[in-house]
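Engineer: Quick one: sequence and predicted model below, then my questions.
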Amino acid sequence: MKKKPNFWKSLRFRIMMILIFLGIVPSVIAARMVVTSYQTQAMENQIANLRTQCDILCNLLIKENYMNDSSSPAINGKLELLSNIYSGRILLVDRDFKIIKDTFRIDEGRTLLSSDVLKCFKGESEAIYTRKNNILELVIPVSSPEVKQLQGVMLFTVNSNEIIRTAQQMEQRALVIIGFIAILTIIVAYLTAAGLMKPFARVTKSIEDLTDGYHEGEISVSDYTETELITDAFNKLLSRMKVLDESRQEFVSNVSHELKTPMTSMKVLADSLVGQSGVPEELYQEFLQDITAEIDRENKIITDLLSLVKMDKKVAGMHIVHQNINELLEEILKRLKPIANQRMIKLYLESFRTVEADIDEVKLTLAISNLVENGIKYNVDEGWVRVTLDADHQYFYVTVADSGMGIPEDSLERIFERFYRVDKSHSREIGGTGLGLSITRSTIAMHHGTVSVISKEGEGTTFSVRIPLSYIP
Ligand SMILES: Nc1ncnc2c1ncn2[C@@H]1O[C@H](COP(=O)(O)OP(=O)(O)OP(=O)(O)O)[C@@H](O)[C@H]1O
Ligand SMILES: [Mg+2]
């Protein structure tokens with residue numbers, strides 16, 4: 001079943017979020033800034049206006065001597081008018097701190113001793129502005145430049161409700177605009193993100209089509225460098241898988257073929273015995289010997305296959321021991337000497353130093369034996385096989401060289417493949433399964449080592465093995 005993609009975790013969603021953020025946040029900040037700067041500016045203007053009005057009024061108060069006689073109807077009218085215009089309240093305090101005029105007519109005749117008023121009388125400040133909530137309060141000394149003496153103090157309280165209300169209206173309008181921008185940004189972000197992600201969707205679709213078998217071969221989405229890299233990597237993986245699949249198929253057909261051949265021989269031999277009557281005993285003997293040989297061969301193939309499978313599955317655990325390699329090689333050569341002697345082939349062992357290493361004795365013996373055995377098998381009569389051992393501080397090196405028939409250049413690459421034999425008929429006569437070298441390579445790989453080969457047809461072959469002295473699992 002297809003997995004449903006998680007939208008919240010998708011790159012598309014993240015791109016969308018970034019675009020929305022970039023669209024909305026700046027407009028919110030801009031709107032906030034406009035409203036605040038309007039408010040500050042409006043307040044400053046209000047103060048400046050008030051100040052001018054108050055200065056004019058103060059001059060008039062001095063001129064008309066209002067602080068001593070507050071009965072002037074003209075000035076009273078002006079005071080009322082001014083406080084009405086600004087929807088504020090004007091208080092005039094004389095030198096005895098008595099309120100001689102209150103445009104609200106509440107506190108007239110009372111004494112006012114606020115700190116701002118005292119400050120003004122002391123001459124500490126020219127004018128004081130205080131803002132509490134929406135109320136602006138100005139405290140201004142009533143004096144004239146000519147008569148240096150202070151006649152009183154004027155208190156003008158005004159509320160800034162108008163400014164605040166306008167700012168709030170502006171804010172509401174800004175909110176509506178931001179809402180529009182937000183909706184627009186979301187739509188644009190959604191479409192842009194979808195557009196940007198399209199090539200990636202195409203990559204997925206191509207891979208899915210390939211999996212479902214709609215089309216064969218490679219995929220290519222070259223819209224972005226990234227998609228190109230992904231498809232290239234995918235194609236590489238695909239071709240590797242194809243190679244693996246081919247080699248698996250070849251392996252299976254090889255196995256069946258190899259297992260069938262001894263069976264066919266046995267059947268032919270047995271049939272010929274069954275089909276004849278009065279067969280002489282010598283013939284029976286001979287045929288049965290042949291049948292036994294075929295059974296041995298079948299057995300060897302199965303045993304080799306099993307050890308290869310085991311190594312593939314890595315179930316064959318490594319039994320690492322610290323071992324003298326010189327002795328190990330001597331032991332191998334001693335065991336193979338009788339076979340070499342049959343064809344008068346000489347075996348030499350050349351050790352440049354004493355080498356001790358962490359190895360799996362059974363597996364390494366098998367690997368090196370296969371090499372030496374090949375050296376003997378594919379040699380000329382009275383030839384030689386030379387095994388050398390050397391080491392440095394990190395690896396030990398074993399070479400197996402022979403004076404044999406050599407391997408043609410085009411086969412060199414393939415001799416490590418399972419069942420590969422250079423000359424099938426000849427090898428069969430010599431009696432191999434073609435599994436020896438693949439077992440050798442697998443076991444050496446399990447030791448984290450390498451094996452390579454150089455060869456010249458008609459002159460001989462040299463296998464070189466390199467294995468680390470200490471085993472790291
Ligand atoms: N030293 C060598 N000289 C020449 N040819 C070699 C040598 N070693 C290997 N070969 C070639 O490589 C082929 C593969 O070798 P490998 O050891 O895998 O299989 P085999 O010897 O045929 O069978 P097995 O080792 O399983 O009994 C051999 O059949 C042979 O043709
Ligand atoms: Mg072999």
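Structural biologist: Sure, I can see it. Ligands and ions are numbered 1, 2, ... in the order given.

Engineer: Helices of the stretch 51-200 of the chain, residue ranges please.
Structural biologist: All helices of the stretch 51-200 of the chain, identified by DSSP state H, counting those that start in this stretch, fall at 73-85, 115-122, 161-212.

Engineer: Turn those into CSV, columns for mean neighbour count.
Structural biologist: All C-beta spots, glycine's among them, are computed from the backbone N, C-alpha and C. As requested, those are exported to CSV (neighbours: other Cβ atoms under 10 Å):
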stretch, mean neighbour count
helix 73-85, 14
helix 115-122, 16
helix 161-212, 14
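
Engineer: Quick one: closest of these to Y38.
Structural biologist: helix 161-212 (6.2 Å; Cβ to Cβ).

Engineer: pLDDT on the next helix or strand after that closest one, on average?
Structural biologist: Using DSSP states H and E, the helix or strand that follows helix 161-212 in sequence is helix 225-275. Average pLDDT, helix 225-275: 87.

Engineer: contacting residues for the residue in the stretch 51-200 of the chain positioned nearest to ligand 1?
Structural biologist: Per Cβ to the nearest ligand atom, the residue of the stretch 51-200 of the chain with the smallest distance to ligand 1 is F200, at 46.7 Å. By Cβ atoms under 8 Å, 6 or more residues apart in numbering, the contact list for F200 reads L11, T227.

Engineer: picking that back up, among the helices of the stretch 51-200 of the chain, which one carries the weakest average confidence?
Structural biologist: Looking over those, mean pLDDT reaches its minimum on helix 115-122, with a mean of 85.

Engineer: How far off centre is it?
Structural biologist: With Cα atoms, centre = their mean, to the nearest Å as the basis, helix 115-122 stands 71 Å off its chain's centre.

Engineer: and what of stretch 219-236?
Structural biologist: The answer for stretch 219-236 is 17 Å, by Cα atoms, centre = their mean.

Engineer: Close to ligand 1: what parts of this protein are there?
Structural biologist: Counting by Cβ under 6 Å from any ligand atom, the chain comes close to ligand 1 at 304, 370, 374-375, 378, 402, 404-407, 415, 420-422, 427, 432-437, 461.

Engineer: Next one: whatever residue of the chain ends up closest to ligand 2 from G152, what distance?
Structural biologist: As assessed by Cβ to the ion, ligand 2 sits closest to G436 within the chain, at 2.8 Å. G436 sits 122 Å away from G152, going by Cβ to Cβ, to the nearest Å.

Engineer: Looking at those two, which has the bigger crowd around it?
Structural biologist: G152 (27 against 21; other Cβ atoms under 10 Å).

Engineer: List the contacts of the more buried one.
Structural biologist: Contacts for G152 (Cβ under 8 Å, 6+ apart) come out as M67, L92, V93, D94, R95, I100, V142.

Engineer: Next, the distance between the ends of stretch 462-473.
Structural biologist: End-to-end distance for stretch 462-473, by Cα to Cα, to the nearest Å: 29 Å.

Engineer: Output the lowest mean pLDDT helix or strand found in the chain.
Structural biologist: Here the helix or strand of the chain ranked lowest by mean pLDDT, DSSP states H and E is helix 424-430, holding a mean of 63.

Engineer: Can you redo the helices of the stretch 51-200 of the chain as CSV, where the extra columns are distance to E246?
Structural biologist: Shown next, in CSV, are the helices of the stretch 51-200 of the chain (distance: least, Cβ to Cβ, whole Å):
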stretch, distance to E246
helix 73-85, 98
helix 115-122, 98
helix 161-212, 18
